[in-house]
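**Q** Build the 3D model from these lines:
(2 chains)
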Amino acid sequence: MIPAQFEYVAPTTVEEALTALAEGGEDAKVLAGGQSLLPVLRMRLNVPSVVVDLGRIDSLRGVRDDGDAIVVGAMTTHSDVFHDPLVREHAAVLTEAIEQLADPQVRHRGTFGGALAHADPAGDLGAPVLALGATFTIAGQGGTRTVEADDFFEDLFTTAVQEGELLTEIRIPKYTGWGGHYEKFVRVAHQWPIVAVAAAVKVDGGTITEARVGLTNMGSTPLRARSVEQALAGQPATDEAVRAAAASAAEGTNPPSDLNGDADYRRHLATVLTRRAVLAAAGA
Amino acid sequence: MTRISLKVDGASCSDDVEPRMLLVHYLRERLGKTGTVIGCDTSNCGACTVHLDGKSVKSCNVLAVQADGHEVTTIEGLAQDGELHPVQKAFHDCHALQCGFCTPGMIMQSVDLLNENANPSEEEIRLGLEGNLCRCTGYHNIVKAVQAAASEGAGASA
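**A** Predicted coordinates:
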């Protein structure tokens, strides 16, 4: 199958891209890596009149050190984020999540910003980025604005990025020395997670001093497991303590029921995967 | 129509294409490179895997216009001077195919895998090939072929 006809624009700057989006109006679609968009276009689930390809905008690629944070350009491929030493050092849970995202071919093309702006509730990047408290930079014709991770994900496939705007970069505070792990539950290879848990943990002398936990596919957006985070603080990094803290992982969630499992099954998975993720992140 | 210029298997090509044309259709229908096959139409199976600037991609999930100015290598560009690429040879020697439909994609992804990791463990091979499906389920010999190619130093030469 092939997509319906569309006009193709390949700007080389963010300004040109914003102009093309403004001219395209509500029928314009942004093409990042295309690993989610192209299947949608081929199945004609979406029929845009204009496709604005960000692939020629070099300024949107790369990871840079910005003092107390690292900044990931929206068009940096998953593969490049995975191999980036800054990400590995300061945001280990992201490296862990990307290693399990889709398959190698998709990681070569798919982009960090594209996946986040697509906001599939089963996408692997939302939970770690939310857990790490990232800040999103969004460019529009009136200038740029920033949105905190807590406000970025609004609903299924819906983020704070409005029509005519572009997600340009994602700023992630440094969690140097923290352990990170992404525990993903799938039935077969290269599938969307049925449930997954992102955990970043700071351990000092066998005690968990701080923890951040994000949940994938436990609702229409990625979610923070704040009650688990609070319960973990000050606890020893042992199976018994982490198991007790993880028991509340599904609190406040609204997981879907589908062929892969009903909501109760997902709630159970969330507690099990949270325990595994936190223990692995703590190196216990 | 959009004008594209790219290099495919070492040769320069320029063509006017519809922006909606998929790279795999461009390769097969314009250039006659039917060695790259279409398996699933849903970007799952990996049969259409080619290299774009030296990295594996599913060519059913890339527009031809996105390849403008870039370099594509297909299964037809692997052999040099009539000599099979070491990974092709290993697939032949290990009988790493049953019906053979997934083979072009499996070989292209295996070359990519060995480029990134010249000496992979069995688990790393299986993970590295997780985007490629063999409906005959002939995975064991495929993994053996990648191991054989690795021991022949395919990763270093690829």
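**Q** For chain B, what is the nearest residue in the stretch 101-250 of chain A?
**A** Nearest residue of the stretch 101-250 of chain A to chain B (C-beta to the nearest C-beta) works out as residue A:103 at 2.7 Å. All C-beta atoms are positioned from the backbone trio N, CA, C, and that covers glycine.
**Q** I'd guessed residue B:75 sits against residue B:27; true?
**A** No. Using C-beta atoms under 8 Å, residue B:75 is not in contact with residue B:27; the gap is 10.1 Å.
**Q** who touches both of these two?
**A** B:36, B:50 (C-beta atoms under 8 Å, 6 or more residues apart in numbering or on different chains).
**Q** who's in contact with residue B:138?
**A** Residue B:138 is in contact with B:96-98, counting by C-beta under 8 Å, 6+ apart.
**Q** Can you report how many residues neighbour residue B:67?
**A** Residue B:67 has 25 neighbouring residues, counting by other C-beta atoms under 10 Å in any protein chain shown.
**Q** partner residues bridging the spatially closest residue to it that is not a sequence neighbour?
**A** Nearest non-adjacent residue to residue B:67, counting by C-beta to C-beta, 6 or more residues apart in numbering or on different chains: residue B:6, 5.1 Å away. With DSSP bridges as the criterion, residue B:6 is bridged to residue B:13.
**Q** buried ones in stretch B:149-158?
**A** Within stretch B:149-158, the residues scored as buried using 16 or more other C-beta atoms under 10 Å in any protein chain shown are B:149-150, B:154-155, B:158.
**Q** same thing with stretch B:121-140?
**A** Buried residues in stretch B:121-140, counting neighbours by 16+ other C-beta under 10 Å, are found at B:125, B:127-134, B:138-139.
**Q** mind checking the end-to-end distance for that stretch?
**A** From its first residue to its last, stretch B:121-140 covers 14 Å (C-alpha to C-alpha, to the nearest Å).
**Q** before we move on, what about stretch B:126-135?
**A** So stretch B:126-135: terminal residues 15 Å apart, C-alpha to C-alpha.
**Q** Same check on stretch A:177-196?
**A** Terminal residues of stretch A:177-196 are spaced 23 Å apart (C-alpha to C-alpha).
**Q** Next, the buried residues of it.
**A** Of the residues in stretch A:177-196, A:178-185, A:190-196 count as buried by neighbour count, 16+ other C-beta under 10 Å.
**Q** Do stretch A:105-122 and chain B come into contact?
**A** Yes. Against chain B, stretch A:105-122 shows contacts by C-beta under 8 Å from any C-beta of the partner chain at A:105-106, A:108-109.
**Q** Using CSV, write out the CA atom coordinates for that stretch.
**A** Below are the C-alpha coordinates for stretch A:105-122, written out as CSV (Å, rounded to 0.1, in the frame of the first residue of the first chain):
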residue,chain,number,x,y,z
GLN,A,105,16.1,-0.6,11.8
VAL,A,106,13.5,1.5,13.5
ARG,A,107,16.0,2.9,16.0
HIS,A,108,18.2,4.0,13.1
ARG,A,109,15.3,6.1,11.6
GLY,A,110,13.0,7.0,14.5
THR,A,111,13.7,10.1,16.5
PHE,A,112,13.5,11.1,20.1
GLY,A,113,11.3,14.1,19.6
GLY,A,114,9.1,12.4,17.0
ALA,A,115,8.3,9.5,19.3
LEU,A,116,7.5,11.9,22.2
ALA,A,117,5.4,14.2,20.1
HIS,A,118,3.5,11.2,18.7
ALA,A,119,2.7,10.2,22.3
ASP,A,120,1.6,6.7,21.8
PRO,A,121,0.6,5.5,25.4
ALA,A,122,2.6,2.3,24.8
